[in-house]
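Participant: A predicted structure for the sequence below; I have some questions about it.
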Amino acid sequence: MSANARAPLAHHFDSFDQQRESASLGMWTFLLTEMMFFGGLFIAYIVYRWSYPEVFIAGSRSLDIVLGTVNTGILIFSSLTMALAVRSAQLSRSRTTVFFLLATIVLGAAFLGIKTVEYHDKFVHHHLPGQPGFHLAGAPDQAHAQMFFVLYFAMTGLHALHMIIGAGLLGVMTVMAARGRFSADNHNAIECTGLYWHFVDIVWIFLFPLLYLVGRHG
Amino acid sequence: MNPNPHPMNADSEAAEPPRHHYLNAGYGIRSWLLTKDHKRIAILYLVSVNVFFALGGLMAVLIRLELATPQGDLFQPDVYNRLFTMHGIMMIFFFLIPGIPAILGNFLLPIMIGAKDLAFPKLNLLSWYIFNFGGAFVFWALLHGGVDTGWTFYTPFSTTFSNTHVLAVGVGIFITGFSSILTGLNFIVTVHRMRAPGLTWFRLPLFVWSMYATSLIIVLGTPVIAITVLLLAAERLFHVGIFDPAIGGDPLLFQHLFWFYSHPAVYIMILPSMGVVSEIVPAFSRKKIFGYRFIAYSSVALAVLGFLVWAHHMFVAGMSVYAAAVFSALSMLVAVPSAIKVFNWTATLYKGSVSWDTPMLYALGFIGLFTMGGLTGVMLATLGIDVHVHDTYFIIAHFHYIMVGGAIMGYLGGLHYWWPKISGRLYPRFWSKLSALVIFVGFNVTFFPQFILGYMGMPRRYHTYPPEFQVLNVMSSAGATILGAGYVIPIVYFIWSMRYGRHASSNPWGVVGLEWETTSPPPTENFETTPVVTHGPYEYGPEHREDAVVR
């Protein structure tokens, strides 16, 4: 335990503070690039919702609000368990850390499971863009209605991909935590993973109203 | 700090190479392919990037050969389309964008700030592998017939109609983008967190400022082209997507997203060269640079303004007149920080002790050619002229003055300036000066006629043209031959110098800068003890000499 309690200081850093601050700044810069990455899709969403508002209302109403809301709750809760995992890692409590990390993974898996059910529904209800049988009830224009679903799949699909990568990272963190690698001095890896996980959650916090709620007021 | 008045002089005594340096720290292929030393990674990049430079150059030679005559006698039209597309893709994404940052920046940034390495050495190595992985896709596509969309991939041609390997090249560019992102991220964190004691922001060499500004563009812009190319690839794969007019998609949206990255990408190419010139000009004027803060701020200003002008590529694409007017005005603003740099370099020369060494010749060439490219850029920012010369050779000439006359002159100037540091060897003076002159002349003979051709109305991207344009086209092709020869000369003597060149002293030019205070080549950890910085980067002149009387 004591051998692992301190982070090995990489040869090119002068101090642990410098190493920790570098990791943190690097992660924030990476999240900035992620923001720009999703930004391209959000711009596309804005453009097409501006062009075809009725279609977006019809498309939004066809999504399952219950599953979407439950998933939102699950993700917010997983952010809590993630934050608790980071906190217990800082306090060198490996067993608690492992517990909260596993809880986060389970919640993430639950989110992806529910998402799979929702995707399946799209196949059943002929809501797949580009397929010959596409039909969206209540949409004024079936061609334009496909645009909503292209965006739906692109945005939630990219988000789900990030969740899968995040779950993989959490798995690595769990192994590291079980081996007692984290301590007050050495928690860069889990902290950066936490930042990433919170970022993925926040993306969903924007996706949920834009896709599920936009057609439901009034 | 005692500048040597006779830098790189033929009769200066031969320098002894250091006993231990990064080049002899390990031998064998593993010591290179698994290295985490930023200097070795820079060398790896030097090899990879220049392979693409050579391939792209070969395409250019074939293009100019075809255009030597008005008829299409060498290539079929679709082959010609693939040639200029692959030329553009390889030169832009695989040579100009990674060029200076990944080679010179990688080598110099940690040394210039007195650090032992970049903040994330493993990511740095990973970025080189990602670069080659992405490059492999493009190389595969090249061997299987290439792409004919132009390097801009405009939809719906690229998504629906082109029968070439758009998907492979798109994936290649998507992947390579991450190597840029990793480099940019690494530089940003390194400049923020790894500076030596006493090295405040306004004591940073201007090359570091330009690398920082470039990195900002890279991390903000590259993800946007990544998602754009990803959406394009998905649309090609699934036959439905957000740019698909059949479902109400707007091809103009693709152009907006594409240029949101690809215009700032021009500043990824030119800002590093500006940084190189900001180092070379004071070094060979033996004079403190004029307007340090203005040059530093103008780099950041270019990074910011670069993101606000993308739609000037789309004036004839069907944009609202009001939007076009705004983008036109913003584009003209770019001239302000650019001119600030040119004026400050020129003012640095004034009453300086100017010497005409090879790097200086390249830097002066840069200033002249960049000014030409920049001024024609202001012309093109005006709506009327742009609509008139859009898609003609005037555009081709303009951006080659920036990218070849500017970016490549800066790249070669930097390579010549720091080659003694990188390799520990000197290269022949005569041949290197000759190469600078040949390139300058060859470049102008190649591209100046294209301004005239474009203004007379010769469109770009055609392999035939009316016979009355032949004289100027033959001039251009002849110039390309000279230019090509000019690029071969440095390759020969750089490789020659690695074995036969005389050993360089730690400061062969007799200039100031942290990189000249360590040995040539530097040791793996760059400095034996972390340097402490007590003054700005260009302190030439008697008051900064060690024996100066303190007033």
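Facilitator: Received, thanks. Numbering: from 1, shown residues only, chains lettered A, B, ... in the order given.
Participant: contact residues of chain A facing chain B?
Facilitator: Within chain A, the positions adjacent to chain B are A:10-12, A:14, A:18, A:21-22, A:25-26, A:29-30, A:32-41, A:43-44, A:47-48, A:51-52, A:129-130, A:141, A:143-144, A:146-147, A:150-151, A:154 by C-beta under 8 Å from any C-beta of the partner chain. All C-beta spots, glycine's among them, are computed from the backbone N, C-alpha and C.
Participant: could you rerun that using 7 Å?
Facilitator: Within chain A, the positions lying close to chain B (C-beta under 7 Å from any C-beta of the partner chain) are A:11-12, A:18, A:21-22, A:25-26, A:29-30, A:32-33, A:36-37, A:39-41, A:44, A:47, A:51-52, A:129-130, A:143-144, A:146-147, A:150-151, A:154.
Participant: looking at those residues, which are in helices?
Facilitator: Counting by DSSP state H, the part of the residues of chain A next to chain B found in helices is A:18, A:21-22, A:25-26, A:29-30, A:32-33, A:36-37, A:39-41, A:44, A:47, A:51, A:143-144, A:146-147, A:150-151, A:154.
Participant: what sits against residue B:211?
Facilitator: By C-beta atoms under 7 Å, 6 or more residues apart in numbering or on different chains, the contact list for residue B:211 reads B:101, B:105, B:109, B:187, B:272, B:275.
Participant: how about the secondary structure of the residue in the stretch 151-300 of chain B that chain A sits nearest to?
Facilitator: Of all residues in the stretch 151-300 of chain B, the one sitting closest to chain A is residue B:240 (2.9 Å; C-beta to the nearest C-beta). The three-state assignment at residue B:240 reads coil, by DSSP: H, G, I helix; E, B strand; the rest coil.
Participant: next, count neighbours for residue B:291.
Facilitator: Close neighbours of residue B:291, defined as other C-beta atoms under 10 Å in any protein chain shown, add up to 16.
Participant: tell me how far it lies from residue B:126.
Facilitator: According to C-beta to C-beta, to the nearest Å, residue B:291 and residue B:126 sit 38 Å apart.
Participant: show the pLDDT at residue B:545.
Facilitator: With respect to pLDDT, residue B:545 has a value of 52.
Participant: to clarify, my last question referred to residue B:225.
Facilitator: 96.
Participant: and the helix or strand where it lies, what's buried?
Facilitator: Using DSSP states H and E, residue B:225 sits in helix B:206-238. Judged by neighbour count (16 or more other C-beta atoms under 10 Å in any protein chain shown), helix B:206-238 contains these buried residues: B:206-236.
Participant: quick check: phi and psi at residue B:191.
Facilitator: Phi and psi for residue B:191, reported as degrees, to the nearest 10, are phi -70, psi -40.
Participant: surely it touches residue B:207?
Facilitator: No. Counting by C-beta atoms under 7 Å, residue B:191 sits too far from residue B:207 to count as a contact (11.3 Å).
Participant: what do those two both touch?
Facilitator: Joint contacts of residue B:191 and residue B:207 (C-beta under 7 Å, 6+ apart) do not exist.
Participant: in contact with residue 36, which residues?
Facilitator: The chain I'm using is chain A. Per C-beta under 7 Å, 6+ apart, neighbours of residue A:36: B:220, B:223, B:224.
Participant: I was after chain B.
Facilitator: Neighbour list for residue B:36: B:121, B:122, B:125 [criterion: C-beta under 7 Å, 6+ apart].
Participant: go with 6 Å
Facilitator: Residues near residue B:36 by C-beta atoms under 6 Å, 6 or more residues apart in numbering or on different chains: B:121, B:125.
Participant: what does the stretch 51-200 of chain B put close to chain A?
Facilitator: Within the stretch 51-200 of chain B, the positions adjacent to chain A are B:116, B:117, B:119, B:181, B:185, B:188, B:189, B:192, B:193 by C-beta under 6 Å from any C-beta of the partner chain.
Participant: give me the number of residues near the nearest residue to the fifth one once chain neighbours are set aside?
Facilitator: So the one you mean is residue B:185. Spatially, and ignoring its direct neighbours in sequence, residue B:185 is nearest to residue A:29 (4.8 Å; C-beta to C-beta, 6 or more residues apart in numbering or on different chains). The number of residues packed around residue A:29, counting by other C-beta under 10 Å, is 21.
Participant: burial of the residue lying closest to residue B:540 once chain neighbours are set aside, as a residue count?
Facilitator: Of all residues not flanking residue B:540 in the chain, residue B:286 sits nearest, at 5.1 Å (C-beta to C-beta, 6+ apart). For residue B:286, the neighbour count with other C-beta under 10 Å is 19.
Participant: would you confirm that the residue of the stretch 151-300 of chain B closest to chain A contacts residue A:129?
Facilitator: Yes. Using C-beta atoms under 6 Å, residue B:240 makes contact with residue A:129 at a distance of 4.9 Å.
Participant: okay, now the unreliable bits of chain A?
Facilitator: Applying pLDDT under 70 to chain A flags the ranges A:1-7, A:217-218.
Participant: residue in it with the shortest distance to chain B?
Facilitator: Closest residue of chain A to chain B, C-beta to the nearest C-beta: residue A:130 (2.9 Å).
Participant: grab the nearest non-local neighbour of that residue.
Facilitator: Of all residues beyond its chain neighbours, the one nearest residue A:130 is residue B:240 (2.9 Å), with distances taken as C-beta to C-beta, 6+ apart.
Participant: beyond whatever helix or strand residue A:77 lives in, next helix or strand please.
Facilitator: Element membership of residue A:77 [criterion: DSSP H and E] is helix A:65-90. Proceeding N to C from helix A:65-90, the next assigned helix or strand is helix A:94-124, under DSSP H and E.
Participant: quick one: that following helix to helix A:65-90, angle?
Facilitator: Angle, helix A:94-124 to helix A:65-90, by axes from the mean of the first three to the mean of the last three C-alpha atoms, to 10 degrees: 160 degrees.
Participant: please name every helix or strand in contact with helix A:94-124.
Facilitator: Packing partners of helix A:94-124 (3 or more C-beta pairs under 6 Å, 6 or more residues apart in numbering or on different chains; DSSP states H and E): helix A:65-90, helix A:142-178.
Participant: measure stretch B:70-84 end to end?
Facilitator: Start-to-end span of stretch B:70-84 (C-alpha to C-alpha, to the nearest Å) is 17 Å.
Participant: for that stretch, what is the average pLDDT?
Facilitator: 94.
Participant: tilt between whichever strand or helix holds residue B:260 and helix B:206-238?
Facilitator: Take DSSP H and E as the rule and residue B:260 turns out to sit in helix B:251-285. Counting by the same axes, to 10 degrees, helix B:251-285 lies at 160 degrees to helix B:206-238.
Participant: I'd like the secondary structure assignment at the closest residue to residue B:348 other than its chain neighbours, please.
Facilitator: Spatial nearest neighbour of residue B:348, excluding adjacent residues (C-beta to C-beta, 6+ apart): residue B:290 at 4.5 Å. Judged by three-state DSSP, the three-state class of residue B:290 is coil.
Participant: what sits against residue B:290?
Facilitator: Neighbouring residues of residue B:290 by C-beta under 6 Å, 6+ apart: B:344, B:347, B:348.
Participant: out of those residues, grab the one that's most surrounded.
Facilitator: residue B:348 (23 neighbours).
Participant: for the strand or helix carrying it, packing partners?
Facilitator: For residue B:348, the host element (DSSP H and E) is helix B:335-349. For helix B:335-349, the helices and strands in contact under the criterion 3+ C-beta pairs under 6 Å, 6+ apart are helix B:251-285, helix B:292-305, helix B:358-381.
Participant: angle of the helix holding residue A:77 against helix A:142-178?
Facilitator: On the basis of the same axes, to 10 degrees, helix A:65-90 is oriented at 20 degrees to helix A:142-178.
Participant: many thanks, I have nothing further to ask.
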